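Asker: Predicted model and sequence follow; I will ask about them next.
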Amino acid sequence: MRVRVGLFLFIAMALVLPTIGCQRAGPAGSPGMVRIPAGPFIMGSDQRDAGKRGLSYGIIKPWYEDEHPARTVTLPAYEIDVYEVTNEQYAGFVKATNHRVPPSWTNGRYPAGQERFPVTYVTWDDANGYCGWAGKALPTEAQWEKAARGADGRLYPWGTAFDPDKANVGGLHGGLKPVGSFEAGKSPYGVYDMVGNVSEWTADWYEPYPGYETASDYLNKKFGRTYKVIRGGSWSSLGHYSRTDAMIVMGYYSRASSRFFFDPRGLFDDVGFRCVKPA
């Protein structure tokens with residue numbers, strides 16, 4: 001009888017465990033990556049900024065205008081890193097290639113206990129170099145936005161309503177956190193920290209979207225091949241705002257369609273990256 005019971009349990013576990021594993025792993029992909037299926041998604045926004053500029057970045061850019069027009073974009077299948085690239089992963093790149101270390105590291109090493117924190121103080125070239133070394137690439141804006149937003153046009157990776165407990169934004173959680181710390185904030189495809197922790201370099205220059213001229217009366221003088229687009233809000237504090245205004249601002253920049261731009265030569269304490277590759 002014990003043999004029969006043991007055999008039954010063995011067969012039952014053999015049937016159940018693969019299912020459990022698939023639920024934890026999400027869509028099939030290379031180790032540490034998630035497969036984003038081919039198909040269309042909604043990119044950008046048609047929302048207007050009227051009456052909101054006082055709470056935005058003001059003279060730098062309005063919140064919505066550079067996202068116009070909302071449009072359907074179809075992408076082939078690709079894979080994207082589940083997590084932002086960590087200090088530990090970047091250290092492997094530095095060791096293998098003798099690449100320069102981030103200036104925030106001491107004696108060539110990242111701070112003790114921060115191996116799973118996202119790497120920061122990396123330029124666009126640093127990030128691009130790491131991705132190439134790993135056999136990958138920086139995501140385009142479209143690849144990044146689809147992985148964050150899904151195919152249903154949602155505003156945030158987790159849904160349609162802003163929730164500061166689902167992302168490391170606005171200084172509410174005390175600085176950088178290990179990657180994957182916000183389980184409830186992952187995207188429809190199971191990608192973590194698409195909003196918050198660090199903003200992320202993308203492959204693209206900060207340029208207007210196709211059809212922009214007829215969709216908006218706003219022309220940003222920063223458009224062109226000077227600045228690279230970053231995506232996703234960061235941990236950075238909004239202490240100069242009142243709490244009410246800070247929550248509004250966090251809701252704006254935490255949207256999956258939100259765009260911002262930085263000098264690709266810049267080094268920042270709240271900017272990192274992740275990589276993609278063809279499926």
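Answerer: Yes, it's here.

Asker: what are the phi and psi values for residue 142?
Answerer: phi -60, psi -40 (degrees, to the nearest 10).

Asker: That one and residue 243, how far apart?
Answerer: According to CB to CB, to the nearest Å, residue 142 and residue 243 sit 35 Å apart. Just so you know, the C-beta spots here come from the backbone N, C-alpha and C atoms, and that holds for glycine as well.

Asker: Comparing the two, which shows the higher neighbour count?
Answerer: A direct count of neighbours by other CB atoms under 10 Å for residue 142 and residue 243 places residue 142 higher, at 18 against 11.

Asker: Three-state assignment for the residue lying closest to the more buried one once chain neighbours are set aside, please.
Answerer: Of all residues not flanking residue 142 in the chain, residue 73 sits nearest, at 5.3 Å (CB to CB, 6 or more residues apart in numbering). Classification of residue 73 by DSSP: H, G, I helix; E, B strand; the rest coil places it in strand.

Asker: Test my guess that residue 262 contacts residue 230.
Answerer: Yes - Residue 262 lies in contact with residue 230 (CB atoms under 8 Å); the separation is 5.5 Å.

Asker: which of these two has more neighbours?
Answerer: Higher neighbour count among residue 262 and residue 230: residue 230, with 28 against 18, using other CB under 10 Å.

Asker: so what's the nearest residue to the more buried one once chain neighbours are set aside bridging to?
Answerer: Spatial nearest neighbour of residue 230, excluding adjacent residues (CB to CB, 6+ apart): residue 199 at 4.5 Å. Beta-bridge partners for residue 199, by DSSP bridges, are residue 271.

Asker: quick one: residue 199 and residue 268, what's the gap?
Answerer: For residue 199, the distance to residue 268 - CB to CB - is 8 Å.

Asker: try residue 242
Answerer: Residue 242 is 25 Å from residue 268, by CB to CB.

Asker: more neighbours, those two?
Answerer: A side-by-side neighbour count of residue 242 and residue 268, using other CB under 10 Å, places residue 268 first with 18 against 10.

Asker: thinking again about what came up before, find residues that contact each of residue 262 and residue 230.
Answerer: residue 271 (CB atoms under 8 Å, 6 or more residues apart in numbering).

Asker: In this model residue 273 seems to touch the residue nearest to residue 230, though I could be wrong.
Answerer: No - proximity of residue 199 to residue 273 does not meet the contact threshold set by CB under 8 Å, at 9.2 Å.

Asker: Give me the neighbour count for the closest residue to residue 203 other than its chain neighbours.
Answerer: What sits nearest to residue 203 in space, not counting adjacent residues and going by CB to CB, 6+ apart, is residue 138, at 4.2 Å. When neighbours are defined as other CB under 10 Å, residue 138 has 22 of them.
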